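Trainee: Generate coordinates for the sequence data below:
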Amino acid sequence: MKLMTEKIAAGINYCIAGGLCTGGLIDWFRHVDWNQVAVIGGFLLGLITYLTQTYFDWRRTRAYEKGVNAGLITEPPAKRGLFNKEAE
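Mentor: Residues are numbered from 1 along each chain as shown. Now for the predicted structure:
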């Protein structure tokens, strides 16, 4: 059985590099201010929610305009909401 020294050396090098990267990440996580992470995460979640709502409003408006142009719809769609009971 012939040993391939290049593959063994490459495997050892990858293991060492992975261990060093993992150690660096663990050290970085130890010094992270989790309050800042929560604030930034909340901001990003709010931004993603806003962009998603804007996208679906745009799609609903586009569908309404296509329906009006085709003559299928004559009145605007009712705005849906949690507290808007007359729209049901």
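Trainee: could you pull out the helices for the chain?
Mentor: 5-30, 34-70 (DSSP state H).
Trainee: Can you add mean pLDDT, distance to residue 76 and mean neighbour count and give these back as TSV?
Mentor: Backbone N, C-alpha and C define where each C-beta goes, glycine included. Below are the helices of the chain laid out as TSV (pLDDT from 0 to 100; distance: least, Cβ to Cβ, whole Å; neighbours: other Cβ atoms under 10 Å):
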stretch	mean pLDDT	distance to residue 76	mean neighbour count
helix 5-30	88	51	10
helix 34-70	91	7	10
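Trainee: now those as a markdown table including distance to residue 78?
Mentor: Converted to a markdown table, these look like this (distance: least, Cβ to Cβ, whole Å):
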| stretch | distance to residue 78 |
| --- | --- |
| helix 5-30 | 49 |
| helix 34-70 | 11 |
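Trainee: Domain map for this protein?
Mentor: 1-32, 33-76 (automatic domain parsing).
Trainee: and the longest one, how far from the chain's centre?
Mentor: Per Cα atoms, centre = their mean, to the nearest Å, the displacement of domain 33-76 from the mean C-alpha position of its chain is 14 Å.
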